[in-house]
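Student: This is a predicted model, with the sequence first.
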Amino acid sequence: LAYSPDEKTLVSGARDAQLKFWNTADYLLEDNVVAHLYAINYLSFREDGQYLVTCSMDKSLKLWDMSSRNLVKVIDKARNAGHGTSINKVFWSTYSGVIVSVSDDRSIVIWQIEPQNLWKFPLQPFGKKYLKPHLEDMKKKQVSDFLEEMSVVMEQINQENLELRSRLQQVEGEAKRLKD
């Protein structure tokens, strides 16, 4: 679930693998698009609202043009050596064209999206030496801002994992209590 940056559109994606576009003036459904093969786990707008990226249990990322609501690009293992398992979170960085995806395969991948170009580099290990060739063209402030943004995202993911572990322990405890 995400609001467009101008807050005129609400987009939802769920287990039915469809994107639903809602007008926020009256919250009426404007459009319904079959988007993935399996559940949509997360979606994120580019800062200018022109594009939307979705991620799914089907192991793919998909980029959507918001003006036409058409699919622009599919990023998956077969086409782009993408993730091998369900992609759980996707984040469109405010750094120009960078998408960050997180998967059950325990990898974090940064995707540089440009009109005719797509490249990625996994964050394993995450460090300046490994990232240096990819970040050389950026100014020091841009690198600093990007790494700070990544730090915030990683903290959010860690917090979500802690909450999920806690909830799992509660459910397991409840299941054991009911069994006894």
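Tutor: Yep, it's here.
Student: can you give me the strands in this protein?
Tutor: 2-3, 9-13, 18-23, 28-34, 40-45, 51-56, 61-65, 70-75, 87-92, 98-103, 108-114, 117-122 (DSSP state E).
Student: the inter-axis angle of the helix of greatest length in the chain versus strand 108-114?
Tutor: With secondary structure taken from DSSP state H, the chain has its longest helix at helix 140-179. Orientation check (axes from the mean of the first three to the mean of the last three C-alpha atoms, to 10 degrees): helix 140-179 against strand 108-114 gives 130 degrees.
Student: helices or strands up against helix 140-179?
Tutor: Packing partners of helix 140-179 (3 or more C-beta pairs under 8 Å, 6 or more residues apart in numbering; DSSP states H and E): strand 98-103. All C-beta atoms are positioned from the backbone trio N, CA, C, and that covers glycine.
Student: Kindly recompute the last result at 10 Å.
Tutor: Under the contact definition 3 or more C-beta pairs under 10 Å, 6 or more residues apart in numbering; DSSP states H and E, helix 140-179 sits against strand 87-92, strand 98-103, strand 108-114, helix 128-135.
Student: Deepest-packed of the strands of the chain, please.
Tutor: strand 51-56 (a mean of 24; mean count of other C-beta atoms under 10 Å).
Student: mean confidence for that strand?
Tutor: Average pLDDT, strand 51-56: 94.
Student: Residue 38 touches residue 56, doesn't it?
Tutor: Yes - in this structure, residue 38 is within contact of residue 56 by C-beta atoms under 10 Å, at 5.6 Å.
Student: who touches both of those two?
Tutor: 17, 86 (C-beta atoms under 10 Å, 6 or more residues apart in numbering).
Student: beta partners of the residue nearest to the spatial centre of the chain?
Tutor: By C-alpha atoms, centre = their mean, the chain has its centre lying nearest to residue 90, at 1.0 Å. Beta-bridge partners of residue 90, counted by DSSP bridges, are residue 101.
Student: what's the distance between the longest helix of the chain and the middle of its chain?
Tutor: When distances are taken as C-alpha atoms, centre = their mean, to the nearest Å, helix 140-179 is centred 15 Å away from the chain's centroid.
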